[in-house]
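In: let's see this in three dimensions:
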Amino acid sequence: MLEQAEYRRQLKALSFETIWEQNGLDRDRLLQVCSNNDCMSIKIKPTNSRFPHPSPNRHRANLSHIDIKITYSRIYNEPVLYLRLWKSVPCSMSPDLEELSPYYPSDVYESLAIDKSQFTVELQHVECDAGANEVWYCVHPCDTQDRIGMLHREQYLSRWVSVYLLSWLPPAHRS
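Out: Take a look at the predicted model:
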């Protein structure tokens, strides 16, 4: 359990770029990182090795990027991970152009290589800044404290990022 004031303090001090590089992740895949007192938003480019396309006999999804949101749950008193996948699709007005569309794969666990025995991922409506609802995948925060532990409370959020986010992101391709 992490109190909201402590979550905010740790979020402010969290350098996602440093964590990304320390864990051997390809810097070119990190497209954007933004944060405020309550939320960190990250945009990453997927790799083909970990985010495979469906089998050839099914529709190919051209996964463009993944939006990641780290926020705080006042109900669970824990950080929460939200994910939204985007794919490129031919533009309806001009087939030569592409536009982005939300992508909801039939098996998000397989698509993102998330361990189904460790995490519960479900679609949720999330209120955005403009007051409208958006649909995101939520990695449910149940059992967070058991996974993270309380021995190093001052590094709770960094440990949480390692368990909840970095565990399913593939490392950089090394030559």
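In: quick check: chain neighbours aside, which residue is closest to residue 144?
Out: Excluding the flanking residues, the one nearest residue 144 by Cβ to Cβ, 6 or more residues apart in numbering is residue 78, at 4.3 Å. C-beta coordinates here come from the backbone N, C-alpha and C atoms, glycine included.
In: could I get the phi/psi values of the one you found?
Out: Torsion angles at residue 78 (phi, psi; degrees, to the nearest 10) stand at phi -140, psi 160.
In: and it, how many neighbours?
Out: 21 (other Cβ atoms under 10 Å).
In: hmm, it is touching residue 1, no?
Out: Yes. Contact criterion Cβ atoms under 8 Å: residue 78 and residue 1 qualify, at 6.7 Å.
In: now do the shared contacts for the two.
Out: Common neighbours of residue 78 and residue 1, counting by Cβ atoms under 8 Å, 6 or more residues apart in numbering, are residue 145.
In: could you pull out the helices for this protein?
Out: Assigned by DSSP state H, the chain shows helices spanning 4-13, 16-22, 108-112, 144-148, 156-161.
In: and the average pLDDT for the first one is what?
Out: Mean per-residue pLDDT for helix 4-13: 92.
In: and residue 162, how far from residue 23?
Out: From residue 162 across to residue 23, the span is 8 Å (Cβ to Cβ, to the nearest Å).
In: do the same with residue 47
Out: From residue 47 across to residue 23, the span is 14 Å (Cβ to Cβ).
In: among those two, which residue is more densely surrounded?
Out: residue 47 (17 against 14).
In: could you tell me the model confidence score at that one?
Out: pLDDT, residue 47: 70.
In: what's the answer for residue 172, then?
Out: Residue 172 carries a pLDDT value of 51.
In: now the residue most central in space within the chain, nearest residue through space, not along the chain?
Out: Closest residue to the average C-alpha location of the chain: residue 68 at 3.5 Å, with Cα atoms, centre = their mean. Nearest residue to residue 68 in three dimensions, chain neighbours excluded: residue 42, at 4.1 Å (Cβ to Cβ, 6+ apart).
In: can you get me a residue count around that neighbour?
Out: Residues lying near residue 42 (other Cβ under 10 Å) number 21.
In: same deal with residue 111?
Out: Using other Cβ under 10 Å, the number of residues around residue 111 comes to 21.
In: what's the answer for residue 63, then?
Out: Residue 63 has 21 neighbouring residues, counting by other Cβ under 10 Å.
In: go on, residue 17?
Out: By the criterion of other Cβ under 10 Å, residue 17 has 12 neighbours.
In: residues in contact with the residue nearest to residue 68?
Out: By Cβ under 8 Å, 6+ apart, the residues touching residue 42 are 16, 30, 32, 33, 67, 68, 69, 70.
In: buried residues, stretch 142-160. List them.
Out: Residues of stretch 142-160 classed as buried by neighbour count (16 or more other Cβ atoms under 10 Å): 144, 148, 156, 157, 158, 160.
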